[in-house]
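Asker: Provide a 3D model corresponding to the input given below.
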Amino acid sequence: MAIKPLTIGGVTVLGVGCVLHIVGLATHAWLAADGGSLGFWEVCPDEGPCISFKEDGKPDWFKASEALALLGMIFGGMALLLAGVLVVMNLMGKEPSRGLGVSTLLLSVVSFVTVIICVIIFGAKYRDFFSEADFHFGYSFGLSIAGAALILLGGIGTSVSSLGLSSASRYERM
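Answerer: Numbers count the residues shown, from 1 in each chain. So this is what the prediction gives:
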């Protein structure tokens, strides 16, 4: 059994989305200003070393955003793992169960939703905590949004292909 192009594309997009979100999560430019940048775990002035945040100094909305971003990464990684299992099963000539495709889709959707909720909370509340500085959203913020969108698209593509919902698979059955 050959691997369908939609499966390959879906898994690739899902993987790129996971990498983008992980990079966005790990870097320190969720907010940027003339004097430096801020991420979930550290503040980095333009000159000098980065300074780590202490957990007790973070507001609750900031901790919630961190947690949601981490959950998005975990669910996206699990979706990618299941998508990898789909590919391996195809390579072995075995028919994957429908539950595997559905689980990949659900994990991708949950990953997307958690990251988007994280971004909404972060975007709505950051001015409450950083009101005196002229911050704007940095590249890390954008990478996480792009990663979440790609995780969703990759999960949809992989699931549609594995569940036989694409138009190409309908023609194969006729």
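Asker: Could I get the buried residue list for stretch 68-80?
Answerer: 68-69, 71-73, 75-80 (16 or more other Cβ atoms under 10 Å). Quick note: C-beta positions are derived from backbone N, CA and C, even for glycine.
Asker: Surely Phe40 is in a helix?
Answerer: No: Phe40 is assigned coil when assessed by DSSP: H, G, I helix; E, B strand; the rest coil, not a helix.
Asker: what about it, how many neighbours?
Answerer: The number of residues packed near Phe40 is 22, by other Cβ atoms under 10 Å.
Asker: for it, what are its contacts?
Answerer: Contacts for Phe40 (Cβ atoms under 8 Å, 6 or more residues apart in numbering) come out as 25, 30, 53, 62, 65-66, 69.
Asker: sorry, back to before: could you dump the buried residues of stretch 68-80 into CSV with distance to Leu86 and secondary structure added?
Answerer: CSV is the format used below for the buried residues of stretch 68-80 (distance: Cβ to Cβ, whole Å; DSSP: H, G, I helix; E, B strand; the rest coil):
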residue, distance to Leu86, secondary structure
Leu68, 27, helix
Ala69, 26, helix
Leu71, 23, helix
Gly72, 21, helix
Met73, 20, helix
Phe75, 17, helix
Gly76, 15, helix
Gly77, 15, helix
Met78, 13, helix
Ala79, 11, helix
Leu80, 11, helix
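Asker: tell me which element the residue sitting nearest the centre point of the chain is part of?
Answerer: Compute the mean C-alpha point of the chain, and by Cα atoms, centre = their mean the closest residue is Ala148, 3.7 Å away. Using DSSP states H and E, the secondary-structure element containing Ala148 is helix 139-163.
Asker: mind checking pLDDT for the closest residue to the residue nearest to the centre of the chain other than its chain neighbours?
Answerer: The shortest distance from Ala148 to any non-neighbouring residue, by Cβ to Cβ, 6 or more residues apart in numbering, is to Val115 (3.7 Å). If you check Val115, the pLDDT there is 97.
Asker: Val115 - how many residues pack around it?
Answerer: 30.
Asker: Please tell me I have it right and it contacts Glu66.
Answerer: No: Val115 is beyond contact range of Glu66, at 11.8 Å (criterion: Cβ atoms under 8 Å).
Asker: was I right about Thr104 contacting Ala83?
Answerer: Yes: between Thr104 and Ala83 there is a contact under Cβ under 8 Å: 5.3 Å.
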